[in-house]
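[1] need a structure here:
(one chain, ligands or ions: 2)
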Amino acid sequence: MSGQFDVVVIGGGPGGYIAAIRAAQLGLATACIDDGVTPGGKAAPGGTCTNVGCIPSKALLQSSENYEQAGHGFAEHGIEVKGLALDLARMLARKDKVVRQNNEGILYLFRKNRIAFFNGRGAFEGGAENGWRVKVTVAGTEPQTLTARHVVVATGSSPRALSVGGAAVPFDNRLVLDNAGALAMPAVPKRLGVIGAGVIGLEMGSVWRRLGAEVTMLEMLDVFLPGADEAVANEAWKIFTRGQGLAIVLGAEVREVTQAGGGIAVEYAAQGAAARRVEFDRLIVSIGRVPNTAGLAAETVGLELDARGAIEVDAECRTNLPGVWAIGDVVRGPMLAHKAEEEGVAVAERIAGGHGHVDFNTIPWVIYTAPEIAWVGCTEQQLKRDGVDYRCGQFAFAANGRARALGDTRGFVKILADAATDRVLGVHVIGPMASELVAEAVVAMEFHAAAEDIALICHAHPTLSEAMKEAALAVGKRGLNA
Ligand code: FAD
Ligand code: NAI
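    Ligands and ions are numbered 1, 2, ... in the order given. From the prediction side, this is the model:
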């Protein structure tokens with residue numbers, strides 16, 4: 001394959017590899033450069049999501065939930081489990097296998113779509129006649145130069161390190177763990193500390209609690225899950241703290257992190273109380289992520305970054321440079337794999353002369369705790385703040401036949417609709433399979449449905465989705481099973 005392309009994509013995560021596939025499908029000569037490698041040195045495309053994010057975390061969430069169910073849930077079903085034992089090495093090996101299957105799947109898709117894949121680092125080298133030059137450095141070979149009319153930067157993000165008193169607490173992935181370390185602990189720690197009770201903190205905290213760790217989470221904000229609907233956040237708080245024994249401290253200011261014995265000591269002060277010192281065997285730091293722009297040589301071509309270090313883009317992912325686009329975690333907006341994918345497809349369509357579109361109002365959010373939390377659209381507190389006149393319908397899984405049969409009746413579905421037009425403005429679910437249920441709400445919102453539209457659709461019985469129908473009925477105060 002020559003070094004001349006229509007499109008060069010730098011980064012092979014869900015944003016980059018999907019952009020490359022769509023560009024190739026649209027007839028554009030496409031290359032994708034990604035530096036991911038397995039511990040054994042093989043190509044591992046798929047980015048954070050595939051290697052140290054969405055996929056491995058969901059594998060461990062499933063395995064740990066199975067373990068918890070076998071230990072605490074099966075008895076209620078009349079199933080006695082004797083001699084239950086945890087084989088953590090096998091659980092981690094299964095997670096790694098799931099990841100490898102996804103790496104292989106992406107490599108197959110690159111071949112199938114005739115995408116030139118370079119397993120190395122990409123960096124801007126300068127302008128070219130009618131495009132750009134990108135330097136590719138693949139380990140063990142001479143650097144080469146690719147030229148392209150369009151460059152899509154999809155370099156993703158990295159974990160943000162904790163800073164205490166102006167000094168960074170570095171990740172060593174032995175005692176102080178980032179997401180990669182949190183997914184690969186070789187033994188269950190007795191005492192696990194987590195800094196940041198956001199999405200990663202809750203998911204990884206849940207995994208290790210189910211496997212036997214005593215988990216304490218230190219969250220800087222006074223509010224729990226401020227992005228979620230308040231009713232959902234309150235329900236989650238009750239379930240996680242009282243029901244599951246996750247110790248979550250709000251308003252916690254971390255003042256010192258030091259090594260202590262074989263573990264790590266954290267001194268913090270919370271909500272005006274005297275400072276406390278707690279010791280942990282391991283500490284996960286999950287306080288957000290920073291865009292990956294180092295090593296891109298953005299300055300060589302004058303690619304503009306914003307104050308956070310993200311690549312500055314317009315609503316259509318155009319940077320300040322003609323023919324240079326940026327998508328996913330390296331730009332503004334939620335750091336979600338499906339948001340990155342949607343932007344990747346839209347950019348490929350635009351490059352090919354089509355009309356890509358991403359609707360930021362209908363991007364779903366999911367937190368894969370048990371029960372799961374998922375939502376799309378506005379929260380009730382946002383509607384109140386914006387002075388929107390709305391109606392609310394809510395239905396508890398406790399009154400849903402399928403949830404009772406499953407033995408998981410925690411949570412509810414809540415639908416917010418415009419008071420005048422009945423148009424659905426937001427849907428919030430906490431409960432079993434919320435991640436799957438939210439898809440119906442996304443479809444409804446994309447089609448500008450009214451709550452009554454959902455209420456009038458025939459939902460199979462007995463399914464969890466009937467809770468969605470009942471919540472929609474409740475918006476019009478005509479619930480049947482409540
Ligand atoms: P990335 O996936 O980060 O991919 C970027 C790739 O580019 C990486 O391979 C990187 O090494 C490579 N790269 C960087 N610079 C260069 C360079 N100069 N040359 C070549 N390659 C380069 N999101 C969800 O939607 N659902 C989830 O369940 C979910 N779970 C998560 C769990 C965890 C623990 C974490 C950390 C994240 C999770 N996310 C989840 C977020 C999701 O992983 C990211 O939003 C998503 O991966 C972003 O995709 P991306 O393509 O923008 O970047
Ligand atoms: P996050 O933004 O979800 O949570 C970070 C938390 O840390 C916040 O609550 C914040 O207030 C707190 N915090 C920040 N600084 C702190 C400090 N110094 N001390 C104590 N607390 C502090 O970020 P997280 O969990 O790191 O995840 C990163 C990204 O990955 C998120 O943007 C999320 O979108 C994505 N992700 C998505 C998942 C999903 O879709 N299910 C799963 C995991 C991650």
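[2] Can you pull up the residues of the stretch 1-150 of the chain that come close to ligand 1?
    Residues of the stretch 1-150 of the chain lying close to ligand 1 by C-beta under 6 Å from any ligand atom are 10-16, 33-36, 47-49, 53-54, 57, 121-123. No exception for glycine: its C-beta is placed from N, CA and C like everyone else's.
[3] Can you tell me the SS state at the residue nearest to residue 213 when sequence neighbours are not counted?
    The shortest distance from residue 213 to any non-neighbouring residue, by C-beta to C-beta, 6 or more residues apart in numbering, is to residue 192 (4.2 Å). Following DSSP: H, G, I helix; E, B strand; the rest coil, residue 192 is assigned to strand.
[4] Tally up the residues packed near residue 192, please.
    By the criterion of other C-beta atoms under 10 Å, residue 192 has 26 neighbours.
[5] For it, give me its contacts.
    Going by C-beta atoms under 8 Å, 6 or more residues apart in numbering, residue 192 touches 205, 208-209, 213-216, 280-284.
[6] Now the two most distant members of those residues.
    Maximum pairwise distance among the contacts of residue 192 (C-beta to C-beta): 15.0 Å, between 209 and 283.
[7] In terms of packing, which of those two has more residues around it?
    residue 283 (27 against 21).
[8] so that one sits right up against residue 194, yeah?
    Yes - with contacts counted by C-beta atoms under 8 Å, residue 283 reaches residue 194, the gap being 7.5 Å.
[9] Check the gap between residue 62 and residue 268 for me.
    Distance, residue 62 to residue 268, using C-beta to C-beta, to the nearest Å: 32 Å.
[10] And these two? Which one has more around it.
    Between residue 62 and residue 268, counted using other C-beta under 10 Å, residue 268 has the larger neighbour count: 23 against 16.
[11] What residues sit buried inside the host helix or strand of that one?
    Taking DSSP states H and E as the criterion, residue 268 maps to strand 263-270. For strand 263-270, the neighbour count (16 or more other C-beta atoms under 10 Å) marks 263-266, 268, 270 as buried.
[12] Could you report the pLDDT at residue 2?
    Here the pLDDT value assigned to residue 2 is 53.
[13] rewinding a little: which strand residues bridge the residue nearest to residue 213?
    Going by DSSP bridges, residue 192 is paired in beta bridges with residue 215, residue 282.
[14] Ramachandran angles for the residue in the stretch 301-450 of the chain positioned nearest to ligand 1?
    Here the residue of the stretch 301-450 of the chain nearest ligand 1 is residue 328; by C-beta to the nearest ligand atom that distance is 2.2 Å. When quoted as degrees, to the nearest 10, the phi and psi of residue 328 stand at phi 80, psi -150.
[15] How about residue 281?
    Dihedral pair for residue 281: phi -80, psi -30, per degrees, to the nearest 10.
[16] Leaving out chain neighbours, which residue sits closest to it?
    Of all residues beyond its chain neighbours, the one nearest residue 281 is residue 189 (3.8 Å), with distances taken as C-beta to C-beta, 6+ apart.
[17] can you count the residues close to that neighbour?
    Per other C-beta under 10 Å, the neighbour tally for residue 189 reads 21.
[18] can you tell me how far it sits from residue 474?
    Using C-beta to C-beta, one obtains 44 Å as the distance from residue 189 to residue 474.
[19] Repeat that for residue 360.
    According to C-beta to C-beta, residue 360 and residue 474 sit 28 Å apart.
[20] The two: which is more packed in?
    The residue with more neighbours, out of residue 360 and residue 474, is residue 474; 23 against 11, by other C-beta under 10 Å.
[21] Find the nearest non-adjacent residue to the residue in the stretch 151-300 of the chain positioned nearest to ligand 2, please.
    The nearest approach of the stretch 151-300 of the chain to ligand 2 comes at residue 198, 1.7 Å away (C-beta to the nearest ligand atom). Excluding its sequence neighbours, the residue lying closest to residue 198 (C-beta to C-beta, 6+ apart) is residue 286, at 6.2 Å.
[22] and what of residue 64?
    Sequence neighbours aside, residue 210 is the residue nearest to residue 64 in space, at 4.0 Å (criterion: C-beta to C-beta, 6+ apart).
[23] I'd say the one you found and residue 66 touch.
    No - applying C-beta under 8 Å, one finds residue 210 not in contact with residue 66, separated by 9.2 Å.
[24] More neighbours: which of the two?
    residue 210 (24 against 13).
[25] tell me the contacts of that one?
    Residue 210 sits next to 64-65, 67-68 when contact means C-beta under 8 Å, 6+ apart.
[26] what's the answer for residue 118, then?
    Neighbouring residues of residue 118 by C-beta under 8 Å, 6+ apart: 31-34, 136, 138, 146.
[27] Tell me, what's the model's pLDDT at it?
    If you check residue 118, the pLDDT there is 98.
[28] gap between it and ligand 2?
    Per C-beta to the nearest ligand atom, to the nearest Å, residue 118 is found 27 Å from ligand 2.
[29] Ok, residue 104 next?
    23 Å.
[30] Could you give the number of residues near that residue?
    Neighbourhood size, residue 104 [other C-beta under 10 Å]: 15.
[31] Now do the helix or strand where it lies: which elements does it pack against?
    Using DSSP H and E, residue 104 falls within helix 88-112. The contact analysis (3 or more C-beta pairs under 8 Å, 6 or more residues apart in numbering; DSSP states H and E) places helix 88-112 against helix 14-25, helix 47-52, helix 54-68.
[32] what about the shortest one and ligand 2, any contact?
    No - applying C-beta under 6 Å from any ligand atom, one finds helix 47-52 separated from ligand 2 by no less than 8.3 Å.
[33] How about residues contacting that helix?
    11-17, 34, 36, 44, 53, 55, 99, 102-103, 106, 156-157, 179-180, 183, 329, 337, 340.
[34] packing partners for the helix or strand residue 152 falls within?
    Assigned by DSSP H and E, residue 152 belongs to strand 144-153. If contacts are counted by 3+ C-beta pairs under 8 Å, 6+ apart, strand 144-153 sits against strand 4-10, helix 14-25, strand 30-33, strand 121-128, strand 131-137, strand 324-326, helix 337-351.
[35] Please tell me how far the residue nearest to residue 198 sits from residue 188.
    Note on residue 286: its distance to residue 188, by C-beta to C-beta, is 18 Å.
[36] Please say which of these two ends up with more neighbours.
    Using other C-beta under 10 Å as the criterion, residue 286 and residue 188 rank with residue 286 on top: 25 against 18.
[37] Run a quick check on the more buried one versus residue 201, I expect a contact.
    Yes - between residue 286 and residue 201 there is a contact at 4.4 Å, judged by C-beta under 8 Å.
[38] any residues in contact with both of these two?
    Contacts common to residue 286 and residue 201, judged by C-beta under 8 Å, 6+ apart, are 194-195.
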